[in-house]
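*Asks:* Have a look at this prediction, sequence included:
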Amino acid sequence: MNRNRPNRSKVTDWSRYIKTFRARHGLSQVRLAAKLAVEETTIQRWEAGERVPPPYLKRALRDLEQELRTITKNARESGQVEKPDHC
């Protein structure tokens, strides 16, 4: 196995995760790239399954997701955002 090429299933998992992450939080590729301090093409490559994020950016993505969930939860609790029917 070539050490420079990520495992195909890992690539697919990360590709799906990033697409879902952006959709869930209403972020464009440009906006997510800015939040992670990477180029837009980096996000595009991750989503296309050409690359996977390095460990430090995987941590940054998880941290950002937690931050966005907290913001959304606080906004809902304060009445600034309507709760969806399924919550």
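*Replies:* Great, that's in hand. Numbering: from 1, shown residues only.
*Asks:* Report all helices and strands that the helix or strand containing Leu57 contacts.
*Replies:* Per DSSP states H and E: Leu57 is located in helix 55-77. Judged by 3 or more CB pairs under 8 Å, 6 or more residues apart in numbering; DSSP states H and E, helix 55-77 is in contact with helix 8-25, helix 29-36. From N, CA and C alone the C-beta is placed, and that goes for glycine too.
*Asks:* helices or strands up against the last one?
*Replies:* For helix 29-36, the packing partners by 3+ CB pairs under 8 Å, 6+ apart come out as helix 8-25, helix 40-48, helix 55-77.
*Asks:* tell me the most buried of the ones you listed?
*Replies:* helix 40-48 (a mean of 17; mean count of other CB atoms under 10 Å).
*Asks:* export that helix as CSV, just CAs?
*Replies:* Extracted C-alpha coordinates of helix 40-48, given in CSV (Å, rounded to 0.1, in the frame of the first residue of the first chain):
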residue,chain,number,x,y,z
GLU,A,40,-11.0,26.8,-1.3
THR,A,41,-9.3,24.2,-3.6
THR,A,42,-8.4,22.2,-0.4
ILE,A,43,-12.1,21.9,0.5
GLN,A,44,-12.9,21.0,-3.1
ARG,A,45,-10.3,18.2,-3.1
TRP,A,46,-11.6,16.8,0.2
GLU,A,47,-15.1,16.7,-1.1
ALA,A,48,-14.1,15.2,-4.4
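*Asks:* Quick one: mean pLDDT for it?
*Replies:* Averaging pLDDT along helix 40-48 gives 96.
*Asks:* Tell me which other helices or strands it touches.
*Replies:* Counting by 3+ CB pairs under 8 Å, 6+ apart, the packing neighbours recorded for helix 40-48 are helix 8-25, helix 29-36.
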